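Q: Structure, please.
(one chain, ligands or ions: 1)
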Amino acid sequence: MIAIKTLEQIEKISYSGKILSKLFQILENRIKPGITTEALNEIAEEYMEKRGIKPAFKGYKGFPAALCVSVNEEVVHGIPSKRALEEGDIVSIDMGAIHKGFFSDAARTYSVGQISTLKQKLIAVTKKSLDIAISNMSEKNKLFDISHSIEEYVGNNGFSVVRDFVGHGIGEKMHEDPQIPNFGVPDTGPQLEIGMVFAIEPMVNMGTSEVEVLGDHWTVVTKDKMPSAHFEDTIAITDKGPVILTR
Ligand code: MG
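A: Below you'll find the predicted structure:
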């Protein structure tokens, strides 16, 4: 069952989504060689508290922080630590928030100082694949049109999509139906409808699509240790088209 949200509910999702969007700008300005991933998390926790929104990830299945911070070959779910970012790294930040019982969820990948041309391309392709996916979120589309558009664009650019983790419906819970893979057969799946709200999140690897989970039981890394990028937004399907609630 894919829940249909009212405008009032979408407004609640958007409230924390807009705050996350501003927080990303603050974090982006702080990302430099030398800063620890733990310090980024502290900035985020303070900012959310000041704005009266609750970090959605902290305590979720025991996760210890507001941010997932994943560096280079880390795909998602990296735990903030004393690790300092280094020149040439890429860093993915994923965060969620709760306001009046409704969730928003978003992720961005940033460069640390000067990065290689190939890493620049990885970030650009991942970001663009999310925008292309969002353009396929209308009443005219079926669910896996979104999935297929990501897979196709990423594949055409020589990278691979992670298959073990997916986007999702979002609202009263962080993860609602449906699951939204970053690959799929076009013109299949449920018809999209006004009032559906999805977190779309391409995770794109430079090399193999295969991933594994580290011994901390959280951090997901690429099997070949090549870099990975992650962009995510929470988007509502409205009568005026897709509306991005986390930008
Ligand atoms: Mg998500």
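Q: use CA for all of it now, contacts and neighbours both
A: OK.
Q: Checking H148 next. Helix, strand or coil?
A: helix (DSSP: H, G, I helix; E, B strand; the rest coil).
Q: What's the local residue count around it?
A: Other residues within reach of H148 by the criterion other Cα atoms under 10 Å amount to 21.
Q: Could you export the longest helix along the chain as CSV, CA atoms only?
A: Across the chain, the longest stretch assigned as helix under DSSP state H is helix 7-30. Taking Å, rounded to 0.1, in the frame of the first residue of the first chain, the C-alpha atoms of helix 7-30 are listed here in CSV:
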residue,chain,number,x,y,z
LEU,A,7,-1.3,18.9,1.6
GLU,A,8,-1.1,19.5,5.4
GLN,A,9,1.0,16.3,5.9
ILE,A,10,3.3,17.3,3.0
GLU,A,11,3.7,20.7,4.6
LYS,A,12,5.0,19.0,7.8
ILE,A,13,7.5,17.0,5.7
SER,A,14,8.6,20.1,3.9
TYR,A,15,9.1,22.0,7.2
SER,A,16,12.0,19.8,8.3
GLY,A,17,13.1,19.3,4.7
LYS,A,18,13.8,23.0,4.3
ILE,A,19,15.8,23.1,7.5
LEU,A,20,17.9,20.1,6.3
SER,A,21,18.5,22.0,3.0
LYS,A,22,20.0,25.0,4.9
LEU,A,23,22.0,22.7,7.1
PHE,A,24,23.6,21.2,4.0
GLN,A,25,24.8,24.6,3.0
ILE,A,26,26.4,25.1,6.5
LEU,A,27,28.1,21.7,6.4
GLU,A,28,29.3,22.3,2.8
ASN,A,29,31.2,25.4,4.0
ARG,A,30,32.8,23.5,6.8
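Q: Other residues contacting it?
A: The set of residues external to helix 7-30 that reach it, using Cα atoms under 8 Å, 6 or more residues apart in numbering, is 40, 43-44, 47-48, 51, 53, 95-100, 102-106, 108, 110, 171, 195, 197, 234, 236, 245-247.
Q: Among these, name the ones in helices.
A: Among the contacts of helix 7-30, the subset assigned to helices under DSSP H consists of 40, 43-44, 47-48, 51.
Q: my guess is T238 meets G195, correct?
A: Yes. Assessed by Cα atoms under 8 Å, T238 is found in contact with G195 at 6.0 Å.
Q: Surely V211 is in contact with T222?
A: Yes. Here V211 reaches T222: they are 4.3 Å apart, a contact under Cα under 8 Å.
Q: Counting neighbours, go ahead and name the busier of these two.
A: Neighbours around V211 and T222, counted as other Cα under 10 Å, are more numerous at T222. The numbers are 23 against 20.
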